[in-house]
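1. pasting the sequence and the predicted coordinates here, then a few questions.
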Amino acid sequence: MISKSIFITGGAGYVGSYLVPEFLKLGYKVTVYDIMYFGDDFLPKENPNLKIIKGDIRDSKKLESACRDHEFFLHLACISNDASFELDEQLSTSINLDAFEPMVIAAKKSSIKRFIYASTSSVYGVSDKKDVKEDHPLVPLTLYNKYKGLCEPLLFKHTDKNFEGVIFRPATVCGYAPKLRLDLSVNILTNHAVCNKKIMVFGGDQLRPNLHVKDYCDAVKLLITAPTNKIKNEIFNVGYQNMSISEIAILVKKVVEETFPDNKKIEIEKTKSNDNRSYHINSDKIFNRLGFKAKRNIEEAVRDLCISFKQGLIKESFENDFYYNVRRLKNIKAK
């Protein structure tokens with residue numbers, strides 16, 4: 001087995017595009033296994049410690065062969081967006097649910113030591129509890145968060161002394177990464193504020209926990225290195241600021257107006273929404289157990305995005321389906 005080696009499904013996605021270079025800097029050998037709906041031009045292909053495989057997680061035989069000789073397995077791949085019901089339901093079911101247990105079995109057969117599963121904090125659905133902890137009932141509102149929740153016990157079903165499993169439930173990710181998504185709440189509002197000088201708030205009272213993409217990556221790095229007795233068969237919430245959509249809009253307006261002082265003032269308009277997801281997650285467990293606390297707030301994520309717009313790193317932010325999961329998958333007729 002190669003020392004410090006990690007196999008990442010979905011490594012050519014939003015989080016992976018920032019996380020992969022981070023692991024390479026730390027001296028890991030990294031294999032990215034991805035269906036490449038968005039390509040891989042943003043990954044550091046010149047690095048000799050990076051191997052990129054175009055592969056489908058539904059092909060468990062190919063996956064089993066590909067993940068041999070790795071110590072860690074990080075599962076990020078999924079049809080990710082709570083609006084994924086707009087797509088063919090079978091696509092979401094086959095990738096987000098049906099492929100999961102065969103993939104876990106394949107990883108175990110290939111002598112993976114630790115399997116880290118990225119679930120989602122949206123498994124909680126709607127809750128008026130002040131603090132939603134890991135033992136809160138799962139109340140799925142969409143196929144995406146329903147399947148995320150259903151997969152969690154399937155991992156622990158196969159863990160043993162030689163095959164460790166840990167699950168984390170990250171909040172909604174925000175901030176700039178090379179494979180940027182502009183279909184997530186903070187990033188959506190920032191894009192509209194910068195480019196349209198107007199923010200449309202759907203609903204507004206819904207509480208959403210948020211997590212800077214760099215903090216997400218710090219949490220993953222910790223779950224890789226943490227001692228077995230602290231993480232085995234554990235589930236951790238990972239979030240930072242719990243703010244309402246309206247509060248986020250006001251913050252975005254402030255930061256964008258400060259960053260682009262010559263532009264006209266940003267308008268905020270409200271309209272009704274049928275997206276009722278609202279929850280306030282508590283991330284004390286990962287702090288008490290592993291000492292992890294997110295360091296970067298929403299304001300920093302918005303500033304990072306504004307700087308990236310200024311530097312010309314984000315182009316055709318409404319027209320280019322590179323930034324929009326559902327739109328890209330529809331356009332390429334993903335199956």
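-> Thanks, I have the structure now. Numbers count the residues shown, from 1 in each chain.

2. hey, where'd the helices end up in this structure?
-> Using DSSP state H, the helices found in the chain span residues 14-25, 60-66, 89-93, 100-109, 143-156, 185-196, 213-225, 228-231, 245-259, 284-290, 298-310, 325-331.

3. tell me which of the ones you listed is the most buried.
-> helix 185-196 (a mean of 23; mean count of other CB atoms under 10 Å). In this view, the C-beta of every residue, glycine as well, is placed from N, C-alpha and C.

4. what's the angle between that helix and helix 14-25?
-> For helix 185-196 against helix 14-25, the angle by axes from the mean of the first three to the mean of the last three CA atoms, to 10 degrees is 100 degrees.

5. okay, the helices of the chain in CSV with distance to residue 274 and mean pLDDT next?
-> Below are the helices of the chain laid out as CSV (distance: least, CB to CB, whole Å; pLDDT from 0 to 100):
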stretch, distance to residue 274, mean pLDDT
helix 14-25, 25, 98
helix 60-66, 37, 98
helix 89-93, 18, 89
helix 100-109, 28, 98
helix 143-156, 16, 95
helix 185-196, 15, 96
helix 213-225, 27, 98
helix 228-231, 37, 98
helix 245-259, 14, 95
helix 284-290, 32, 98
helix 298-310, 24, 97
helix 325-331, 16, 92
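
6. these: which one's closest to residue 38?
-> With CB to CB as the criterion, residue 38 lies closest to helix 325-331 of the helices of the chain, at 6.5 Å.

7. picking that back up, now the helices of the chain in CSV, with distance to residue 129?
-> Shown next, in CSV, are the helices of the chain (distance: least, CB to CB, whole Å):
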stretch, distance to residue 129
helix 14-25, 27
helix 60-66, 38
helix 89-93, 28
helix 100-109, 28
helix 143-156, 17
helix 185-196, 21
helix 213-225, 23
helix 228-231, 25
helix 245-259, 19
helix 284-290, 14
helix 298-310, 22
helix 325-331, 29
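
8. out of these, which comes closest to residue 132?
-> helix 284-290 (11.3 Å).

9. hang on, residue 218 packs against residue 293?
-> No - using CB atoms under 8 Å, residue 218 is not in contact with residue 293, being 9.6 Å away.

10. quick one on the thing from earlier: which of the helices of the chain sits closest to residue 135?
-> helix 284-290 (9.6 Å).

11. what is that closest one packed up against?
-> Counting contacts by 3 or more CB pairs under 8 Å, 6 or more residues apart in numbering; DSSP states H and E, helix 284-290 packs against helix 213-225, helix 228-231, strand 234-238.

12. fine, thanks again, bye for now.
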